[in-house]
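> Make a model of this:
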Amino acid sequence: MDNNKPHSIKPATFQPPTEPVGRQRRPLRPLLIGVVMLLVALLFGLWFVLTATAIKIQTEPQAEHLQVKGGLVLPLGGNFLLRPGAYTVHASTPGYHDLEAPLQVVAEGETLFQFSLEKLPGYLTVSSSPPEAQVILQDTSHGYTPLNALELNAGSYSYLIRAPRYQEATGQVEIEGLGRQQRLHVALDPLWADVTLQSVPSGATLTVDGEPVGQTSDSGITAEIMPGKHVLGLSLPGYEDWAYSIITEANTAQTLPPVKLQRRYATLNVTSKPAGARVMVNGEYQGLSPLAVELRPDVPVEITLSKAGYANTVRTVSVASGAEESLSATMQPVVGEVLVRTVPADALLYIDGILRGRANQTVQLTATAHRFEIKKSGYATVTRTVTPRGGYQQQLDVRLLTDREAYLARFPETVETSTGDKLIRIEPGSFSMGSPRRAQGRQANEVQRDIKLTRMYYLATTEVTNAAFRQFRAEHSSGIVQRTTLDNDNYPVARVSWDDAIAFCNWLSKRDGLPEAYRNGKLITPVNTGYRLPTEAEWVWAARYSAGREERQYAWGNTMPPTGRAGNYADISAQGVVDKTLSSYNDGYVAAAPVGKFDPNPTGLFDLGGNVSEWMNDHYSVEVSTSVETDPLGIGSGKLHTIRGASWRHGRITELRLVYRDSGAEGRDDVGFRLARFAEAAQ
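Predicted structure coming up:
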């Protein structure tokens, strides 16, 4: 076999295989297969129909395209035939978002399913006049106009459009959505008011609340003014400023009447030497120099300057409108003479604080008020204000008081209460109170004591009357003694206890504007200037020693028996009323008598003996002191209080003596009281 020669391929004859006899295959029939397949399809369709549910799907709005996916879906007359299971609904329509929603079919479950399609957003374009206004939708700011194609979901929106100096605009806008374009244009109303005014002359500067706005022209000026109360002003050189209060409302125009400006006053600055001169313009007082005076412009006026001690200066001036000028004047003094005469003659004279030498001299001074002081050691300084008069000599006579005299001069010699009681000033002193052991009629309680009074006091000249006491206690009665009354208004009050007496003192102090002297039944210490009962030492000093004038044994003098108008004692008129009487003395009264009816002592005090005995401030005591007692007030406590002075019941020598001491706890028909008080508070 030649391997290098090509081989030819030849077809072989086909010989089918030989089948055994009796086993031949019959061919399938196409018709039969078709029948079977149809039968299967019918059975499946029957099964699907019997197991599926007719589902109706609705959309709002109605979808243009509706499809259900997720298995075998058989559309049937607008419904869908679906077996139980999960599906997806697809729906779409122009202007709405596509819907893709799950659908769960349950055997014997719901057959109606509803779906809502969501609108596409809308687009809002906002414009305003004026532009640049802020846009607020549903309380959210979206910027400033113009706003283009603002994307908003469909719905109702509240809007607020605002711009400076304009009224806010509010409202509602309905966004249709569906991708549609909408426009909103808002014209804002002005918030200001147009105020127009003219000035005569024109060219004045207009201000609103102090801020310049512009100048008036012949046709006026219009200012845009915000609502509220404002002050308009016009100013123009040479004219008075004009001001006007106005209330404006938004977008409500006002036109004011033309304003006629007044020419500005001229100013004149007036000075003088010396300063403090009275400035008069055409006879009308303007003030004291230096002074700026406003004058009517370009009008001559008379300026008069006057000052005490100087001659008047008169000038006539005229000042242009708005101008400021000065007027200065040196005033000529007017001189007067004062002749000063003093006692003592060697006192020193000070004028306006400057020593001018001995007081007895003639001085020349300007005719104005000057302060004169006359001084000398040991004497109280005297100060006088003197105004000399030109061409006339005045005389100043001064008598200097010693320091003691000046001190006493501070206090009046007498004072009077609102009830009419008169009190006399008593100067203090030193004395002996009581009586020597061998003195005739001496009692055991008349122990001698050395006393020093240092405070000046006042003592009533008479005893308190019924009329005075009844101003305090209207129902009081002093009673009757054997058909003789003690109750006349001008009789001394009687039948009052010590407590009644001090209650009256406190009442009268309060009434007369003085401090109350007693508190809780005791004298307040240090003792103030309120009304009180006299201390025993004060009474003895005024009664027995007549405050240093003379010493007396009895209230009327030093001899017995009493004569004349010595006092109201137990005299022959009182026989049958009292046990012991003065058989040779007749005072004319059975019991009490009017106060001040008899002669006073040298100090001017009445009834220190006779009429009624008197309550003292002191508690009763017989204690002995070996040292000098200064301003004694008595012991601090006790049931009894001291009583001094004879009464209308007394006729024995022992009782008539001024050293006689008595005591008591209750009121009696022959015991009353008189007032006392210090001249000044304790130092």
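> Residue 326: how many residues sit nearby?
For residue 326, the neighbour count with other C-beta atoms under 10 Å is 11. For the C-beta atoms, the positions are set from N, CA and C on the backbone; glycine is no exception.
> Confirm it sits in a helix?
No: using DSSP: H, G, I helix; E, B strand; the rest coil, the assignment for residue 326 is strand, not a helix.
> Please report the distance of it from residue 317.
From residue 326 across to residue 317, the span is 10 Å (C-beta to C-beta, to the nearest Å).
> Please identify every residue contacting each of these two.
residue 268 (C-beta atoms under 8 Å, 6 or more residues apart in numbering).
> Can you give me the buried ones in the helix or strand containing residue 151?
If you go by DSSP states H and E, residue 151 is part of strand 147-152. Residues 147, 150, 152 are the ones in strand 147-152 that count as buried (16 or more other C-beta atoms under 10 Å).
> ok, now stretch 42-58?
52-53, 55, 57.
> residues in contact with the closest residue to residue 642 other than its chain neighbours?
Among residues not flanking residue 642 along the chain, residue 616 sits closest, at 4.1 Å (C-beta to C-beta, 6 or more residues apart in numbering). Each residue near residue 616 by C-beta under 8 Å, 6+ apart is listed here: 533-536, 539, 634, 641-644.
> One more: residue 228?
Here residue 228 is in contact with 247-248 (C-beta under 8 Å, 6+ apart).
> ok, now residue 440?
So residue 440 contacts residue 653 (C-beta under 8 Å, 6+ apart).
> again with the one 10 residues further on
For residue 450, the contact set (C-beta under 8 Å, 6+ apart) comprises 430, 432-433, 625, 627-629.
> What's the separation between it and residue 431?
Where residue 431 is concerned, residue 450 sits at a distance of 8 Å (C-beta to C-beta).
> any chance you could map the strands in the stretch 451-600 of the chain?
For the stretch 451-600 of the chain, the strands defined by DSSP state E, counting those that start in this stretch cover 457-460, 480-481, 484-485, 518-519, 522-523.
> list the helices and strands the third one packs on?
Read that as strand 484-485. If you count contacts as 3 or more C-beta pairs under 8 Å, 6 or more residues apart in numbering; DSSP states H and E, strand 484-485 packs onto no helix or strand.
> Partner strands of that strand and their direction?
In the sheet, strand 484-485 lines up against strand 480-481 (antiparallel) (DSSP bridges).
> from the middle of its chain, how far away would the partner strand be?
63 Å (C-alpha atoms, centre = their mean, to the nearest Å).
> Over to stretch 72-83?
93 Å.
> End to end on that stretch, go ahead and measure it.
With C-alpha to C-alpha, to the nearest Å applied, stretch 72-83 spans 8 Å between its terminal residues.
> what does stretch 503-518 give?
First-to-last distance for stretch 503-518 - C-alpha to C-alpha - comes to 8 Å.
> Show me what counts as buried in that stretch.
Per 16+ other C-beta under 10 Å, stretch 503-518 contains these buried residues: 503-509, 514, 516-518.
> re the thing from before, now tabulate the contacts of residue 450 in TSV and tack on pLDDT.
Shown next, in TSV, are the contacts of residue 450 (pLDDT from 0 to 100):
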residue	pLDDT
430	96
432	94
433	93
625	79
627	91
628	94
629	94
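> got the buried residues for stretch 185-203?
Buried-residue list, stretch 185-203, by 16+ other C-beta under 10 Å: 186, 188, 190-193, 195, 197-199, 202.
> Over to stretch 429-445?
Those would be 431, 433-435, 442-443, for stretch 429-445 by 16+ other C-beta under 10 Å.
> Least confident secondary structure element in this protein?
helix 30-51 (a mean of 78; mean pLDDT, DSSP states H and E).
> With only the CA atoms kept, save that helix in CSV.
Only the C-alpha atoms of helix 30-51 are listed here, as CSV (Å, rounded to 0.1, in the frame of the first residue of the first chain):
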residue,chain,number,x,y,z
PRO,A,30,-50.7,13.4,16.1
LEU,A,31,-54.4,13.8,16.7
LEU,A,32,-54.3,11.8,19.8
ILE,A,33,-51.5,13.9,21.2
GLY,A,34,-53.4,17.0,20.6
VAL,A,35,-56.4,15.7,22.3
VAL,A,36,-54.4,14.7,25.3
MET,A,37,-52.9,18.2,25.5
LEU,A,38,-56.2,19.9,25.2
LEU,A,39,-57.6,17.7,27.9
VAL,A,40,-54.8,18.6,30.2
ALA,A,41,-55.3,22.3,29.5
LEU,A,42,-59.0,22.1,30.2
LEU,A,43,-58.4,20.3,33.4
PHE,A,44,-55.8,23.0,34.5
GLY,A,45,-58.1,25.8,33.5
LEU,A,46,-60.9,24.2,35.4
TRP,A,47,-58.7,23.8,38.4
PHE,A,48,-57.5,27.5,38.2
VAL,A,49,-61.0,28.8,37.9
LEU,A,50,-62.2,26.7,40.8
THR,A,51,-59.3,27.8,43.1
